[in-house]
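Asker: Fold the following and give me the result.
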Amino acid sequence: MPRMALFLSQFVVGLFVLPFATFAAETDYDGKWNVVASCGVNASNGRPSFTSRHEWNIQRGKIHEVHVQTAAGAREQTIWDGVVQDGRVELVGVGTRDSGDKWAWRLNGSAANNGLIKLSGAMLAGERRLRDCSIEMTLRDPQPTSLAGRATHQNQVGGLLPPPVNGASPAASVTAVARADPMPEPPRPVQPTPGIQTVIAEGLGKDLPSASQNAAQNALINVVGSFIDATKLLEKRTTIEEGIRTQTTQIRSDIKEYSQGTIRSFEIESLSTQNGLTRVTAKVSVRVEDFRAYIKKLAEDSVSIDTGLFARVTTEQKQNQNRVAFLTENVFLPVQRGEVTVLKVGPPVPSSQADLSRDERQLAANLEKKYGAGKVITFDVAMSLNPDFWINMNKTLQSISTKTVKKQITDQQVSSLGSTLHQFCQTEFQFLRNSDFCAAVLSKDGKTNWLHVHFAKGIHVDLEKAVPWWFKTDQKELTGRPILSISLVGAAGQSLQLEELDARPNNSSNGLTRNDRMAVYRTDRLDSPVGPWSLTSTLPAPYPTIFQQGNFRVMLAVEPEALRDTRQINVKLRQQAP
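Answerer: Okay, here's the model as predicted:
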């Protein structure tokens, strides 16, 4: 070979190899790996050992895999995340079951060689060790930028050049090799919007909805990395991932824009199937400041200083206080004040023509005796929580909870909800170490009643200080209750009659709240001591409860002019003057 040709070939090979060295620390172990995970006998319940096999992909030194399976009739999902750096591997897995059970894996280890990684660790429930586990990873398909890929390439070029391709020159042959397997492309640039960060993310799941949620989670994990350093992200991984998961539970592939929450928009760009799983690529726009504040409240850092235990206690107290403030400001107070209650008024009916019970007829007769026959009307009002608030409320409750249980209950259990919830919470407290808080949300799907129970630890004392009225059986302690305002309006929009009612104890008895001209009472099974128009309840025991919906009835003695000219009835909840 002439000297000039030899020099050119060495120069071209140098250009080809140089980029790989640039990414060496990040991509040393990139590629597809065969994974064998083995765990011993469960020390808690004696369940036998098991071994599972998977295929994982390491890309730019990161592992992110989602496994979905059905075991004993229940759907299980495990999300694996790991970091590979300088031959060391840190791996965390979070497992969940439809029943609400949660567990985690923590493993670490190192690469035995370019194509073999061995990890050891445990499956955990909280801090309790359930199983001893190990993982062995064998490289199946290395990326060209990995250690194994570079070694393969060096063998192919034989120290200098591969054979010419289709009669091309040696230099052209090297260029062809370089183009045949290019490095992964970075995320595509997206036109920036102030306060919005847009990410192109992939997601994998058993179907389109789960793959979409996984893509949204991956996008948020990507954004987290822009304002939390890698060390803190690894330390707080479980807390942050649980928070991220609650932020993406409402993501759907057929909805692009979201008016509430961290994610502003979600748009699928490509869709494919692989080994029975669905893979999507999506463009996700994130409200960065909202997300930053959310993560800060969930994962405030713990710092060890010379005072040791006292510093940790102080930090934990601040974390709990932040969670309480977050819960109070975003859930309890908006519901209690009626700020997020949607009212729908039914048509008014003269009491003489209404379908009333014996007690209701007696109530109407007493009003007619005082104000005249034919002057009493009744109408029903349906209450529900604002749909956007309902979604965000559930995300907030899940983010502060150590455990959430969804339970179907009967109408009879709804009627005695206080005792039902007391028994359920006390039973669960026996298995949830250090949990001191139990709250419930009651919803209805058709004819099915669903009780969502949330457990947390370390917040009861601070929460009772923040909202003491929710932990008192004496209703005189209640504050912030809205006033029910009913206005009868004429054809020109003028107010013909205005009646307002406060649910203070001196106006209420046996579920009935009244003044001289009006009586209001619940028509559903939900007896709220807070007032007929409230979607909250303290119940007989201190378990804060929120109702998704409810109904109450108004019986009103109408003034003669209003009876003749009323064209519209307006019902609203307003705050009392301080």
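
Asker: What pairs with the stretch of helix or strand Leu573 belongs to, parallel or antiparallel?
Answerer: Assigned by DSSP states H and E, Leu573 belongs to strand 568-574. Strand 568-574 has the following strand partners under DSSP bridges: strand 483-489 (antiparallel).

Asker: avg pLDDT for the strand it pairs with?
Answerer: Regarding strand 483-489, the rounded mean pLDDT is 92.

Asker: coming back round to it: which parts of the strand holding Leu573 are buried?
Answerer: Ile569, Val571, Leu573 (16 or more other C-beta atoms under 10 Å). Every C-beta, even on glycine, is put in place using the N, C-alpha and C of the backbone.

Asker: I'd like to know how many residues surround Lys407.
Answerer: Residues lying near Lys407 (other C-beta atoms under 10 Å) number 14.

Asker: need the contact list for it.
Answerer: Residues near Lys407 by C-beta atoms under 8 Å, 6 or more residues apart in numbering: Phe424, Trp450, Leu451, His452, Val453.

Asker: And for the helix or strand in which Ala364 is found, what's in contact with it?
Answerer: Using DSSP H and E, Ala364 maps to helix 358-371. Contact with helix 358-371 is made by 351-352, 354, 356, 374-376, 378, 512, 516-517, 519, 553, 555, 557, as judged by C-beta under 8 Å, 6+ apart.

Asker: Double-check Val68 against Arg75; I have them as touching.
Answerer: Yes: contact status for Val68 versus Arg75: in contact at 6.9 Å, counting by C-beta atoms under 8 Å.

Asker: ok, the buried residues of strand 568-574 vs Gly149, which is closest?
Answerer: Proximity of the buried residues of strand 568-574 to Gly149 (C-beta to C-beta) peaks at Leu573, which lies at 65.8 Å.

Asker: wait, that closest one sits on Pro482?
Answerer: Yes: using C-beta under 8 Å, Leu573 makes contact with Pro482 at a distance of 3.9 Å.

Asker: Mind listing the shared neighbours of those two?
Answerer: With C-beta under 8 Å, 6+ apart as the test, Leu573 and Pro482 both reach Arg337, Gly338, Trp533.

Asker: Out of those, who's the most crowded?
Answerer: Neighbour max across the shared contacts of Leu573 and Pro482 (other C-beta under 10 Å) = Trp533, 25 neighbours.

Asker: and Ser44, what does it touch?
Answerer: So Ser44 contacts Ala125, Arg128, Leu130 (C-beta under 8 Å, 6+ apart).

Asker: ok, 10 Å please
Answerer: Neighbouring residues of Ser44 by C-beta atoms under 10 Å, 6 or more residues apart in numbering: Met123, Ala125, Arg128, Arg129, Leu130, Arg131.

Asker: So what does Leu124 have for phi and psi?
Answerer: Main-chain torsions, Leu124, degrees, to the nearest 10: phi -130, psi 150.

Asker: neighbours around the closest residue to it other than its chain neighbours, how many?
Answerer: In this structure, Leu124 finds its nearest non-sequential neighbour in Ala104, 4.9 Å apart by C-beta to C-beta, 6 or more residues apart in numbering. The local packing of Ala104 (other C-beta under 10 Å) involves 19 other residues.

Asker: For the helix or strand harbouring Ala104, C-alpha coordinates in CSV please.
Answerer: Ala104 is part of strand 102-113, with elements assigned from DSSP H and E. Once non-C-alpha atoms are left out, strand 102-113 reads as follows in CSV (Å, rounded to 0.1, in the frame of the first residue of the first chain):
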residue,chain,number,x,y,z
LYS,A,102,-46.5,-2.3,46.9
TRP,A,103,-43.0,-3.6,47.2
ALA,A,104,-39.5,-2.7,46.0
TRP,A,105,-36.2,-4.2,44.8
ARG,A,106,-32.8,-2.8,45.6
LEU,A,107,-29.7,-4.4,44.0
ASN,A,108,-26.2,-3.4,43.1
GLY,A,109,-23.1,-5.0,41.7
SER,A,110,-20.6,-4.6,38.9
ALA,A,111,-19.6,-5.8,35.5
ALA,A,112,-17.5,-9.0,35.6
ASN,A,113,-16.4,-8.3,32.0
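
Asker: where does the nearest residue to Leu421 once chain neighbours are set aside land on pLDDT?
Answerer: Spatial nearest neighbour of Leu421, chain neighbours left out: Tyr543 (5.0 Å); criterion: C-beta to C-beta, 6+ apart. Reported pLDDT at Tyr543 in the predicted model: 77.

Asker: Kindly report the same for Thr448.
Answerer: Value for Thr448, per-residue pLDDT: 91.

Asker: wait, isn't it in contact with Val414?
Answerer: No: using C-beta atoms under 10 Å, Thr448 is not in contact with Val414; the gap is 11.0 Å.

Asker: who's more crowded, the two?
Answerer: Taking other C-beta under 10 Å, Thr448 and Val414 do not tie; Val414 has more neighbours (17 against 10).

Asker: dump the residue contacts of Ala43.
Answerer: Ala122, Met123, Arg128, Arg129, Leu130, Arg131, Asp132.

Asker: Which other helices and strands does the lengthiest strand in the chain contact?
Answerer: If you go by DSSP state E, the chain has its longest strand at strand 128-142. Judged by 3 or more C-beta pairs under 10 Å, 6 or more residues apart in numbering; DSSP states H and E, strand 128-142 is in contact with strand 31-39, strand 50-59, strand 74-85, strand 88-97, strand 102-113, strand 116-125, helix 147-157.

Asker: of the ones you listed, which approaches Ser401 most closely?
Answerer: It's strand 102-113; of these, that one is closest to Ser401 (C-beta to C-beta) at 10.4 Å.

Asker: Could you give me the buried positions within the closest one?
Answerer: Under 16+ other C-beta under 10 Å, the buried positions of strand 102-113 are Trp103, Ala104, Trp105, Arg106, Leu107, Gly109, Ala111.

Asker: didn't the third one look like it was pressed against Arg129?
Answerer: I take that to be Trp105. No: using C-beta under 10 Å, Trp105 is not in contact with Arg129, being 11.1 Å away.

Asker: Regarding Glu561, what are the backbone dihedral angles?
Answerer: phi -60, psi -40.

Asker: Would you confirm that it contacts Gln497?
Answerer: Yes: between Glu561 and Gln497 there is a contact at 7.9 Å, judged by C-beta under 10 Å.

Asker: which one of these two has more residues nearby?
Answerer: Set Glu561 next to Gln497 and count neighbours by other C-beta under 10 Å: Gln497 wins out with 20 against 12.

Asker: Kindly state the beta-bridge partners for the residue nearest to Phe50 when sequence neighbours are not counted.
Answerer: Leaving aside its chain neighbours, Phe50 sits nearest to Cys39 (5.9 Å; criterion: C-beta to C-beta, 6+ apart). Beta-bridge partners of Cys39, counted by DSSP bridges, are Phe50, Cys133.
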